[in-house]
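>>> give the three-dimensional model of this entry:
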Amino acid sequence: MNTAPLPDFARRETIRGLQKLVMLRLQGAPPEEGIELVAAVWLEALASLKIGWEEQHDQGRIQAAFSRLITDAERWPPPKMLIERIPPRPPPKALPHYRYTTPKEEALGHENLNQLYQ
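Reported below is the predicted structural model:
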């Protein structure tokens, strides 16, 4: 599989989340000596996603996904369960709309209002 490596922040958050999962001692958890290989598989799974990872937008999304996963998991989860719990990015802030009316448009607007109220 030819995937771009995850950015450092995404790797850190994934490792941090996996450490929390290990501490839960869930049924089906990998043995302690195999956790590095498990982490590599999870990182590869996340790297395969077609996401342009950006720290300011995605760090909190990874944390939220692990929080939800930790709450939901009764057995050791596959990476798919984390991926399904990554919340969508919030929509970008709307730019303010500045449109100024011309004096001619103002006059036409007042004229139309006057006609409505007659």
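>>> output the lowest mean pLDDT helix or strand found in the chain.
helix 103-116 (a mean of 90; mean pLDDT, DSSP states H and E).
>>> contact partners of that helix?
T101 (Cβ atoms under 8 Å, 6 or more residues apart in numbering). (Glycine included, C-beta is placed from N, CA and C.)
>>> run through who's touching stretch 26-35.
With Cβ under 8 Å, 6+ apart, stretch 26-35 has contacts from 18, 21-22, 37-38, 73-77.
>>> model confidence over that stretch, on average?
Stretch 26-35 carries an average pLDDT of 92.
>>> quick one: neighbours of V22, just the number.
16 (other Cβ atoms under 10 Å).
>>> backbone phi and psi for it, please?
With angles defined as degrees, to the nearest 10, V22 sits at phi -60, psi -40.
>>> from E32, how far out is it?
Relative to E32, V22 is positioned 8 Å away (Cβ to Cβ, to the nearest Å).
>>> equivalent analysis for E84, please.
For E84 relative to E32 (Cβ to Cβ), the value is 27 Å.
>>> these two - which one has more neighbours?
More crowded of E84 and E32, by other Cβ under 10 Å: E84, with 12 against 8.
>>> relative to A65, how far out is the more buried one?
From E84 to A65 the distance is 8 Å (Cβ to Cβ).
>>> now M81
9 Å.
>>> between those two, which one's more packed in?
Neighbours were counted for M81 and for A65 using other Cβ under 10 Å; A65 has more, 21 against 15.
>>> which residues touch that one?
So A65 contacts 17, 82-83, 85-87 (Cβ under 8 Å, 6+ apart).
>>> tell me the one of those residues nearest W53?
I86 (10.9 Å; Cβ to Cβ).
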